[in-house]
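Enquirer: The following comprises the amino acid sequence and a computationally predicted model.
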Amino acid sequence: EKGTLTGHTGTPESSLQALAAIHSYHEADLGETFDEHWDANKDGVVSLEDLEKAFVDSNTGLSCEHIRELHEHLMELGSCVGGGISKDVWVDAVSAADSSAVVYDPTDPRLKCTLRGHSDYVR
């Protein structure tokens, strides 16, 4: 089954709202999930590869392009290290995003977005 992001408009800002909606859905602490879920290789920053893996694992259906644009958007928001988003930038950006603008349902079988052309996924 694939999840859905109802209300996602395709912009990086909307993807950030989707990220906030995922955290809201799981009632998760941003700092803890940064360490446990988003920073997949545990190097202290969220790289593009980390973000791609975590979004696939979260069953969002976001396209590779949306994930890449979100990563670029987050990188522009603050001082980031070595191609990755620091924990402080992550927590500030996600907590400031409107989590009610996008509705996340990880069990909805209707697929709103697809992962087409995804070739650089790190397992």
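Expert: Noted; the coordinates are in hand. Numbers count the residues shown, from 1 in each chain.

Enquirer: which secondary structure element contains the residue most central in space within the chain?
Expert: Taking Cα atoms, centre = their mean, the centroid of the chain lies closest to residue 19, which sits 4.8 Å from it. Residue 19 is part of helix 12-26, with elements assigned from DSSP states H and E.

Enquirer: And that helix, what does it pack against?
Expert: helix 30-33, helix 64-77, helix 87-96, strand 103-105 (3 or more Cβ pairs under 8 Å, 6 or more residues apart in numbering; DSSP states H and E). Placement of C-beta: from N, CA and C, glycine included.

Enquirer: Any idea which of those gets closest to residue 10?
Expert: Nearest to residue 10 among the helices and strands packed on helix 12-26 is helix 64-77; the distance by Cβ to Cβ comes to 6.6 Å.

Enquirer: The closest one vs helix 12-26, what angle?
Expert: Per axes from the mean of the first three to the mean of the last three Cα atoms, to 10 degrees, the angle that helix 64-77 makes with helix 12-26 is 100 degrees.

Enquirer: buried set for helix 64-77?
Expert: 64, 66, 67, 68, 69, 70, 71, 73, 74, 75 (16 or more other Cβ atoms under 10 Å).

Enquirer: residues near the residue lying closest to residue 25 once chain neighbours are set aside, how many?
Expert: Nearest non-adjacent residue to residue 25, counting by Cβ to Cβ, 6 or more residues apart in numbering: residue 104, 4.8 Å away. Using other Cβ atoms under 10 Å, residue 104 has 25 neighbouring residues.

Enquirer: Against residue 6, how distant is residue 104?
Expert: 8 Å (Cβ to Cβ, to the nearest Å).

Enquirer: before we move on, the earlier item: nearest to residue 41, out of the buried residues of helix 64-77: which one, please.
Expert: Once Cβ to Cβ is applied, the member of the buried residues of helix 64-77 that ends up nearest residue 41 is residue 71, at 14.6 Å.

Enquirer: who are the neighbours in contact with the closest one?
Expert: Under the criterion of Cβ atoms under 8 Å, 6 or more residues apart in numbering, the neighbours of residue 71 are 46, 47, 48, 51, 85.

Enquirer: switch the cut-off to 6 Å
Expert: Contact analysis of residue 71 by Cβ atoms under 6 Å, 6 or more residues apart in numbering lists 48, 51.
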